[in-house]
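*Asks:* this one's sequence-less:
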């Protein structure tokens, strides 16, 4: 199982700042599910908030509306096929955890599970904004706990090359771009 | 100057789907500005919509509120220093276009300019949601025209390796990850 270390909350936005595709896990009233979402982003630094699009037709939507909670899991490139698989099937038709042999870890604050083998995890509590949830499938949430694999993210920073285990960025048709090399300037 | 080709609107989300950092250009009442934004994402396919966080303290915020329009410009890695520069200075203090020798192209629908040398451009019209604009600095918008450099994105798809001119994904402290190699499965 992956070793998790806590990420201090004011640095949690950095887990999503570079725009990776995520898996969204959720649990409510005995049901649990996981789906993929290419459309998520940070919304604020401290307290950290996120925004994510969750389609009305998904099982996840009901679990999030029922529980007011979810986890954003940041998968690695060796989970690309899994990310496509859980994004293209419904939890109404099959238990995706069993079908794909997904191991989980318990959340520390929320009931939704953490998907094992990911690079990072954000436990989130929904900020109730019913109009934009209904009109745009858009959910805003506060990050109430955050975790990372210390081999890839430590002391508030992604390691060079994300420790060789890169996050993924969905293109279309089952294809992703991996996170690439670091570039830029020191301010 | 860059050659632009139109991107059909139902494919416009693909310009942002992989989570690149963008530059946001805006114009209103004789003023024009450009800033950077790491926090943007697609919100819908057709008609295409986007979400972007625009801080209250920016000059851009007033120009967008005044005009109801903006452009999301997707910079390439050779514009990383420029992206940091326009993200760390205010248009109230200097004309960033003059200070950084930024050439622009006219928008086709909106008055905000397109930043030359980028990979892709989304012309956007704000969907008025005053509560979330005020409470979260979050702007939703419809994409009313989209463009790409055909050397990097053509026929609705990013080219392999984005034609060797890669988009960038902000980390922190003036550093980005470049978009990396394509991975995944064909469904």
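*Replies:* Received, thanks. Computed from a predicted structure; not experimentally measured.
*Asks:* now chain A, which segments are flagged as low pLDDT?
*Replies:* A:1, A:185-187 (pLDDT under 70).
*Asks:* in it, which spans are strands?
*Replies:* Counting by DSSP state E, chain A has strands at residues A:5-6, A:22-28, A:31-37, A:40-45, A:48-53, A:69-74, A:104-105, A:114-115, A:120-127, A:138-148, A:153-154, A:157-158, A:168-172, A:175-184.
*Asks:* and of the ones you listed, who's closest to chain B?
*Replies:* Chain B lies closest to strand A:175-184 among those, at 2.8 Å (C-beta to the nearest C-beta). Just so you know, the C-beta spots here come from the backbone N, C-alpha and C atoms, and that holds for glycine as well.
*Asks:* Name every strand pairing with that closest one and say which way it goes.
*Replies:* Strand A:175-184 pairs in its sheet with strand A:168-172 (antiparallel), strand B:175-184 (antiparallel), by DSSP bridges.
*Asks:* Including mean neighbour count, could the strands of chain A go into a markdown table?
*Replies:* Listed next are the strands of chain A as a markdown table, based on neighbours: other C-beta atoms under 10 Å in any protein chain shown:
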| stretch | mean neighbour count |
| --- | --- |
| strand A:5-6 | 12 |
| strand A:22-28 | 26 |
| strand A:31-37 | 22 |
| strand A:40-45 | 21 |
| strand A:48-53 | 24 |
| strand A:69-74 | 27 |
| strand A:104-105 | 18 |
| strand A:114-115 | 26 |
| strand A:120-127 | 24 |
| strand A:138-148 | 23 |
| strand A:153-154 | 19 |
| strand A:157-158 | 19 |
| strand A:168-172 | 24 |
| strand A:175-184 | 22 |
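*Asks:* Now for the residue in chain A that chain B sits nearest to, how many residues are close by?
*Replies:* Nearest to chain B in chain A, going by C-beta to the nearest C-beta, is residue A:19, at a distance of 1.7 Å. Under the neighbour criterion other C-beta atoms under 10 Å in any protein chain shown, residue A:19 is assigned a count of 30.
*Asks:* Quick check: the gap between it and residue A:135.
*Replies:* As for residue A:19, its distance to residue A:135 is 24 Å (criterion: C-beta to C-beta, to the nearest Å).
*Asks:* So for chain A, which residue is the most central one in space?
*Replies:* Centroid-nearest residue in chain A, with C-alpha atoms, centre = their mean: residue A:72, separated by 2.1 Å.
*Asks:* Check whether it really touches residue A:39, as I assumed.
*Replies:* No. In this structure, residue A:72 is not within contact of residue A:39 by C-beta atoms under 8 Å, at 11.5 Å.
*Asks:* list residues touching both of these two?
*Replies:* Residues touching both residue A:72 and residue A:39 (C-beta atoms under 8 Å, 6 or more residues apart in numbering or on different chains): residue A:52.
*Asks:* Residue A:130: how many residues sit nearby?
*Replies:* For residue A:130, using other C-beta under 10 Å, the count is 8.
*Asks:* next one: residue A:8
*Replies:* Close neighbours of residue A:8, defined as other C-beta under 10 Å, add up to 11.
*Asks:* I'd guessed it sits against residue A:157; true?
*Replies:* No. Counting by C-beta under 8 Å, residue A:157 is not a contact partner of residue A:8; they are 11.6 Å apart.
*Asks:* For residue A:167, list the residues it contacts.
*Replies:* A:18, A:20, A:21, A:74, A:75, A:76, A:77, A:119, A:178, A:179.
*Asks:* Just give me the closest of these to residue A:142.
*Replies:* Among the contacts of residue A:167, residue A:74 lies closest to residue A:142 (C-beta to C-beta), at 17.8 Å.
*Asks:* quick check, nearest of the contacts of residue A:167 to residue B:52?
*Replies:* Nearest to residue B:52 among the contacts of residue A:167, with distances taken as C-beta to C-beta, is residue A:18, at 16.0 Å.
*Asks:* which residue packs closest to the closest one, ignoring adjacent ones?
*Replies:* residue B:169 (3.6 Å; C-beta to C-beta, 6 or more residues apart in numbering or on different chains).
*Asks:* Stretch A:37-54 and chain B in contact?
*Replies:* Yes. Counting by C-beta under 8 Å from any C-beta of the partner chain, chain B is contacted by stretch A:37-54 at A:38, A:39, A:40, A:41, A:42, A:43, A:44, A:49, A:51, A:53.
*Asks:* Most widely separated two among these?
*Replies:* The widest separation within the residues of stretch A:37-54 next to chain B (C-beta to C-beta) is 20.9 Å, between A:38 and A:44.
*Asks:* Please identify the buried residues of stretch A:55-63?
*Replies:* A:58, A:59, A:60, A:61, A:62, A:63 (16 or more other C-beta atoms under 10 Å in any protein chain shown).
*Asks:* Of those residues, which belong to helices?
*Replies:* A:59, A:60, A:61, A:62, A:63 (DSSP state H).
*Asks:* Of those residues, just say which sits nearest to residue A:83.
*Replies:* Proximity of those to residue A:83 (C-beta to C-beta) peaks at residue A:60, which lies at 14.2 Å.
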